Structure formats: C-alpha cells, structure tokens
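Enquirer: fold the following for me, if possible:
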Amino acid sequence: MDVSKEMEKHQFRPLNILYLSQYFYPEVGATQNRAYDMAYFLARRGHRVTVLTEFPNHPSGVLPRRYKHRFWERQKLNGFRVIRTWVFATPRKTALRRLLFYFSFMKTAAWAGLLVPGRFDVVYATSPPLFVGAAGLFLSRVKNAPFVLEVRDLWPESAVELGELHNRRLIHWARWLEELFYRKARKIVVVTKGILNQLLERGVSAQKLVFIPNGSNTEIYSNRGQAFKKELGLEDKFVVGYAGIFGLAQGMNFLCDIAESLKTNPDIHFLFVGEGPKKPDVLHWKEEKNLTNLTVLAEVPRQEIAQVISAFDVSLVPLKKNRLFEGALPSKMFDSMACERPILLSVAGEAAEVLRRSGGGMFVEPENLPQMKEAILRLKQNPELRIQMGKKGRRFVEENFSREKLALKLEQVLVNLKIPFKN
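Expert: As a prediction, the model looks like this:
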C-alpha cells in the first residue's frame with residue numbers, strides 16, 4: 001500500500017484528540033514508541049493531538065531535577081502538544097509503591113485534563129496501567145467526548161500471572177474496573193489477536209473491537225551499518241544482541257545462561273542494552289559467572305537505537321515460558337526486522353506465527369537452552385541465511401507492520417465514530 005496515495009484519498013477535517021499514555025518519550029520502550037508514533041503520524045495528517053503523560057522517570061523511578069516541585073509542564077513536540085504531570089516515582093518497586101505510582105498519575109492526569117481549555121472530539125487512553133483508563137473515562141465525560149480504550153495487555157490478569165499482584169480484594173476491584181471500561185468505551189483497540197479473542201470470549205461486542213497491532217517506525221528503524229559494533233571493538237565478533245527492558249517477563253536469567261553456555265566460543269559476544277528492574281541481577285550474574293563474553297550497556301535514546309540493533313548479527317526477542325505470552329506480539333521483533341537483522345524469537349503462539357509468515361528469523365521454544373544455542377551457532381555459520389532473513393524481515397514490516405500505516409487505520413477508527421467536526 002502506498003501510504004502517500006492512501007492519505008490523499010481520504011481527506012478529513014481535523015480531529016481534536018486527547019491521548020493519555022502514562023509512559024511516553026523521552027522514556028524508552030514499546031509503549032512509549034507506539035504512543036509517540038501514533039501521536040506524530042496523526043498530527044502529520046493534520047489532526048490536533050494533545051498527549052497527557054507523566055514526568056519521565058521509567059524505568060529508573062527517578063524524576064529528573066527539573067521536574068521536582070512542579071505539577072505540570074506543557075511543550076510542543078514535532079507537531080503535537082505534550083502535557084506532562086507529576087507522578088509518585090521511586091526506585092523501590094514494591095507492590096504498594098507501584099500502586100501509588102499508578103494512582104498518582106490517574107489523579108494528576110485527570111486534574112491536568114480538566115485544566116486544558118476547549119473540547120475534544122475523542123479521548124484515547126492506552127492501558128496498562130489500567131488506571132489510565134479511569135482518567136480517560138472521567139475526562140471523556142467532562143469533555144463530552146467519546147472514550148476509546150487501547151488494550152496492550154490484559155490487566156490484572158498479566159500482573160497475577162507474573163506474581164506482581166496477590167491481594168484478592170484488589171484483584172476483584174481491578175477486574176470490576178476493567179469491565180467498566182469495556183462497557184463504556186465506544187471502541188476498544190487491541191494490539192494482538194490473542195487479546196481480541198479473549199475479549200470476545202468475555203462477551204465484549206465484536207463491533208467495539210479493532211485490531212491494530214504493534215509495529216515499527218520504518219523511518220527511524222533501518223539498517224545503519226555496523227559502525228557502533230566497531231566503536232565497541234567487536235568488529236571481529238559474532239554479536240548476539242538484546243535491546244529492551246530488563247524486566248520480569250523477559251527472562252533475563254535465561255539470556256545470561258545462554259551467554260554462559262557459549263563462553264567457550266571466543267568469537268561469539270553478547271550485547272545487552274537497556275534498563276529495568278532486573279538489570280542489577282544481570283550485572284550480578286555477569287560478575288558471578290565471569291561472563292567476559294557479555295557487554296551490558298545503558299539504554300540509549302530512541303534516535304540511536306537503530307544503530308545499536310544494526311550492530312547485532314542476530315537479535316534476541318525473548319519472553320518467559322508462560323501461557324500468558326502466547327498472545328503477545330513484542331514490538332522489538334518488528335524493530336529488529338526493520339533494521340534487517342534476523343531474530344531469534346522465543347515467544348510461542350501469535351508471535352511465532354507472525355515470524356513464520358515473515359521469514360525474518362527463527363523460532364526457539366521459550367527457555368529452551370540447547371535449542372537456542374543450536375540456533376545461534378547455525379546462524380553464525382550461515383551469513384547468507386542471515387542476510388536473506390534480514391531482507392525478508394524488512395520487507396515484511398514495510399508491507400504489514402509500518403507504524404505509519406497503522407496510524408492511518410487508527411485515524412479511520414476515530415473518524416468513523418461519527419462525531420461532529422469542528423469548523
């Protein structure tokens with residue numbers, strides 16, 4: 001599909017969109033990238049977009065000094081407006097502190113939204129955190145605008161599965177709130193078919209549901225060559241890379257086990273780039289296991305991540321072995337393919353099927369160490385195969401998972417709400 005021609009065919013009067021996302025640029029992550037790209041491409045289409053988000057602090061939990069003792073800040077960013085609000089942030093990630101973190105944004109986002117003058121044509125809230133939906137629903141009522149909910153993950157189910165949430169009363173209350181949002185939303189945007197099917201099974205109307213998957217911004221993510229690999233002095237190494245959050249779901253201990261299993265191969269080097277709650281563990285394992293074949297770097301700005309991925313010879317896209325993730329579709333797989341890097345995907349279910357269609361890498365059973373080791377060695381020995389996979393992956397993303405094309409689909413959803421346009 002030619003995006004420019006598609007844009008010319010559909011000309012709409014601009015919508016005034018309030019977009020709520022607790023996580024946002026300059027924070028690094030899949031949620032932040034998706035929200036930024038959707039806001040950017042909608043604004044480029046001529047819509048008036050206001051993003052309501054937190055003061056940046058994720059995943060470190062530390063507010064930069066410039067935001068301390070402030071309630072909110074407004075700025076212009078690449079054609080759209082961003083309003084940042086205070087949030088309770090802390091490096092100590094206990095269950096109670098996480099809830100305070102979520103609740104604080106819910107309250108400050110609601111207040112900040114009230115202070116924004118004028119009316120909106122649609123209030124769009126992306127979840128999780130689930131409580132963003134509460135602020136979005138409240139503001140949709142106050143602003144008399146349709147409420148659209150984006151569901152990137154089913155919460156509290158995912159929190160219960162990962163052991164992050166145990167309190168039965170809180171779980172019951174969160175599920176009640178979740179069902180309320182599903183009833184009140186005019187449209188529900190889901191990012192995986194697994195989520196779509198689960199919501200259908202739970203009785204959510206098919207007419208409400210819209211599938212707009214994760215993808216990649218192909219303007220930012222592309223093959224940048226291996227200059228960064230040379231900067232690190234790894235030009236003679238076969239680099240197995242991971243770029244993303246060092247979180248509970250990613251199985252960082254498994255990634256370290258892979259590095260340990262290949263210590264006897266001196267020409268194979270592992271490169272992990274990012275931040276997250278499991279990073280101290282990774283650094284501890286690196287020292288304890290004497291992983292001299294592993295380099296761990298801090299996260300890099302979004303504008304530079306394509307250079308990092310391009311330094312990989314193969315890109316790891318892992319999740320822990322859990323039925324919950326069989327409906328996952330990690331955006332980092334599309335970013336790696338957009339950079340023409342073959343991926344080793346250890347995510348069963350929907351993601352594995354997408355990878356099969358793309359031809360952009362190999363599937364490895366989650367947390368299967370012998371299989372992962374074999375796959376790494378096979379790709380190392382077949383440079384032509386790696387090149388072919390990289391080309392196929394890039395082409396597949398351009399045709400099916402370009403963030404610009406996905407934003408056009410979202411635009412259609414919002415326009416088709418049949419709400420009155422402003423003159």
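Enquirer: strands along the stretch 51-200 of the chain, start to end?
Expert: With strands called from DSSP state E, counting those that start in this stretch, the stretch 51-200 of the chain shows them at 72-77, 80-85, 122-127, 147-151, 187-190.
Enquirer: with mean pLDDT added, can I get those strands in TSV?
Expert: Shown next, in TSV, are the strands of the stretch 51-200 of the chain (pLDDT from 0 to 100):
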stretch	mean pLDDT
strand 72-77	94
strand 80-85	97
strand 122-127	97
strand 147-151	97
strand 187-190	97
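Enquirer: out of those strands, nearest to Phe41?
Expert: Phe41 lies closest, by C-beta to C-beta, to one member of these: strand 80-85, at 10.0 Å. Backbone N, C-alpha and C define where each C-beta goes, glycine included.
Enquirer: restricting to C-alpha, output that closest one in CSV.
Expert: The C-alpha coordinates for strand 80-85 follow below in CSV (Å, rounded to 0.1, in the frame of the first residue of the first chain):
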residue,chain,number,x,y,z
PHE,A,80,1.7,17.9,18.6
ARG,A,81,1.3,19.1,22.2
VAL,A,82,2.5,17.3,25.3
ILE,A,83,1.3,17.9,28.8
ARG,A,84,3.4,16.2,31.5
THR,A,85,2.2,15.8,35.1
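Enquirer: circling back to that earlier point, so which of the strands of the stretch 51-200 of the chain gets nearest Thr50?
Expert: Comparing these under C-beta to C-beta, the one sitting nearest is strand 80-85, at 4.6 Å.
Enquirer: what are the buried residues along the longest helix along the chain?
Expert: Among the segments of the chain that qualify as a helix by DSSP state H, the longest is helix 95-115. For helix 95-115, burial by neighbour count (16 or more other C-beta atoms under 10 Å) applies to 98-99, 101-102, 104-110, 112-113.
Enquirer: what is the subsequent helix or strand relative to the helix or strand of the chain with the lowest mean pLDDT?
Expert: Lowest on mean pLDDT, DSSP states H and E among the helices and strands of the chain sits helix 3-9, with a mean of 44. Remark: after helix 3-9, the chain's next helix or strand is strand 16-20, criterion DSSP states H and E.
Enquirer: out of the buried residues of helix 95-115, flag the one nearest to Gly247.
Expert: Checking the buried residues of helix 95-115 one by one against Gly247 (C-beta to C-beta), the nearest turns out to be Arg98, at 12.9 Å.
Enquirer: does Thr108 touch Trp72 like I think?
Expert: Yes: using C-beta atoms under 8 Å, Thr108 is in contact with Trp72, at 7.4 Å.
Enquirer: joint contacts of the two?
Expert: Thr85, Trp86 (C-beta atoms under 8 Å, 6 or more residues apart in numbering).
Enquirer: give me the below-cutoff pLDDT ranges for the stretch 51-200 of the chain.
Expert: 156, 158-166 (pLDDT under 70).
Enquirer: where along the stretch 201-350 of the chain do the strands fall?
Expert: 209-211, 238-243, 268-273, 294-297, 314-318, 343-346.
Enquirer: and the angle for the fifth one with strand 238-243?
Expert: What that stands for is strand 314-318. Calculated by axes from the mean of the first three to the mean of the last three C-alpha atoms, to 10 degrees, strand 314-318 forms an angle of 40 degrees with strand 238-243.
Enquirer: spell out which strands sit alongside strand 314-318 in the sheet and which way each one runs.
Expert: Partners of strand 314-318 in the sheet, by DSSP bridges, are strand 238-243 (parallel), strand 343-346 (parallel).
Enquirer: out of these, which gets nearest to Met362?
Expert: strand 343-346 (5.7 Å).
Enquirer: returning to what we had before: in TSV, list the strands paired with strand 314-318 along with mean neighbour count, mean pLDDT and distance to Ser60.
Expert: Shown next, in TSV, are the strands paired with strand 314-318 (neighbours: other C-beta atoms under 10 Å; pLDDT from 0 to 100; distance: least, C-beta to C-beta, whole Å):
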stretch	mean neighbour count	mean pLDDT	distance to Ser60
strand 238-243	23	98	17
strand 343-346	28	97	27
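Enquirer: can you put the ones you listed in JSON lines and add distance to Val364?
Expert: Shown next, in JSON lines, are the strands paired with strand 314-318 (distance: least, C-beta to C-beta, whole Å):
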{"stretch": "strand 238-243", "distance to Val364": "12"}
{"stretch": "strand 343-346", "distance to Val364": "5"}
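Enquirer: can you tell me which of these is nearest to Arg357?
Expert: Comparison of these against Arg357 by C-beta to C-beta identifies strand 343-346 as nearest, at 12.3 Å.
Enquirer: out of the buried residues of helix 95-115, which comes closest to Thr50?
Expert: Gly113 (8.9 Å).
Enquirer: so who does the closest one touch?
Expert: Residues near Gly113 by C-beta under 8 Å, 6+ apart: Leu18, Leu20, Leu52, Ala135, Phe138, Leu139, Val142, Lys143.
Enquirer: try 10 Å
Expert: Gly113 sits next to 18, 20, 50, 52, 83, 85, 120, 123, 135-136, 138-140, 142-143 when contact means C-beta atoms under 10 Å, 6 or more residues apart in numbering.
Enquirer: the nearest residue to Ala227 once chain neighbours are set aside: neighbour count?
Expert: With C-beta to C-beta, 6 or more residues apart in numbering as the criterion, Ala227 has its nearest non-adjacent residue at 6.9 Å, and that residue is Gln307. Here the number of neighbours of Gln307 (other C-beta atoms under 10 Å) works out to 17.
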